[in-house]
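Participant: The amino acid sequence is not available; the structure is as follows:
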C-alpha cells in the first residue's frame, strides 16, 4: 500500500509493489502492457492532485470555483485516480475515473477507501457522483459508453500500448 494525503485527506492506496510492476512483458503476450503501469500510484497523479489543491499555473487562474458543478473525466486513472479524486473535492458535479479492465477492481476499492476517509477526516463534501469506468483507448464500444460531455479532461502519466494504436 501507499500512504498519501489529498486535499487534507490522508489514506492508504492499495497498489502492487514497484518491482512486480516493472516486470518485462514478453512480445506476443496477451497481457496488455498498460496493466503493469496501472497498478501503482505514479508521481504525476500525486503532483496533479497537489497542483489542484494549492493552485499554480493555469489552475491558479481558474480557481476552485471553476470546478463547481462541472463534469470531470480522468483518463488512465491507474489504481489511484489521485487527480480525479482531488477534483471530486473541488465541488464538481461528477467525476469519472477510467482505465483498462485489469485495473478497475483495485481502482474501485481505492475510490471506496477514499470516500470513507473523506467522511471520517474532512468537512469537505465529496462529489457524490464519482464512478469508475472501463475505458481502453481506441475501443469504440467503451468510447460510445461515455454519453455526455466533460468540462475537464485530466490525464497524468499516460501511456498507450502499440496494440491500441
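Facilitator: Perfect, I can see it now. On a predicted model such as this, the values are computed, not experimentally measured, just so you know.
Participant: tell me which helix or strand of the protein sits lowest on mean pLDDT?
Facilitator: Least confident helix or strand, the chain: helix 18-21 with a mean of 42, by mean pLDDT, DSSP states H and E.
Participant: max-length helix in this protein?
Facilitator: Counting residues, the longest helix found in the chain (DSSP state H) is helix 104-121.
Participant: contact partners of it?
Facilitator: 6, 8-15, 39, 77-81, 85, 89, 97, 99, 124, 126, 130, 132, 134 (Cβ atoms under 8 Å, 6 or more residues apart in numbering). (Each C-beta comes from the backbone N, C-alpha and C, glycine too.)
Participant: Show me where the protein has its helices.
Facilitator: 18-21, 33-37, 43-54, 57-62, 82-88, 104-121, 140-144.
Participant: and those helices, which is most packed in?
Facilitator: helix 82-88 (a mean of 29; mean count of other Cβ atoms under 10 Å).
Participant: What are the contacting residues of that helix?
Facilitator: Counting by Cβ under 8 Å, 6+ apart, 4, 6-7, 41, 45-46, 48-49, 52-53, 67, 72-74, 77, 95-97, 111, 114, 126-127, 130, 152, 154, 156 sit against helix 82-88.
Participant: The same query, at a cut-off of 7 Å, please.
Facilitator: 6-7, 41, 45-46, 48-49, 52-53, 67, 72, 74, 77, 95, 97, 114, 126-127, 130, 152, 154, 156 (Cβ atoms under 7 Å, 6 or more residues apart in numbering).
Participant: Quick check: residue 99 touching residue 75?
Facilitator: No - Residue 99 is beyond contact range of residue 75, at 8.4 Å (criterion: Cβ atoms under 7 Å).
Participant: With neighbour numbers in mind, choose between the two.
Facilitator: residue 99 (26 against 17; other Cβ atoms under 10 Å).
Participant: thinking again about what came up before, columns distance to residue 160 on top of the helices of the chain, output as TSV?
Facilitator: Below are the helices of the chain laid out as TSV (distance: least, Cβ to Cβ, whole Å):
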stretch	distance to residue 160
helix 18-21	17
helix 33-37	8
helix 43-54	15
helix 57-62	24
helix 82-88	18
helix 104-121	18
helix 140-144	14
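Participant: No further questions, thank you.
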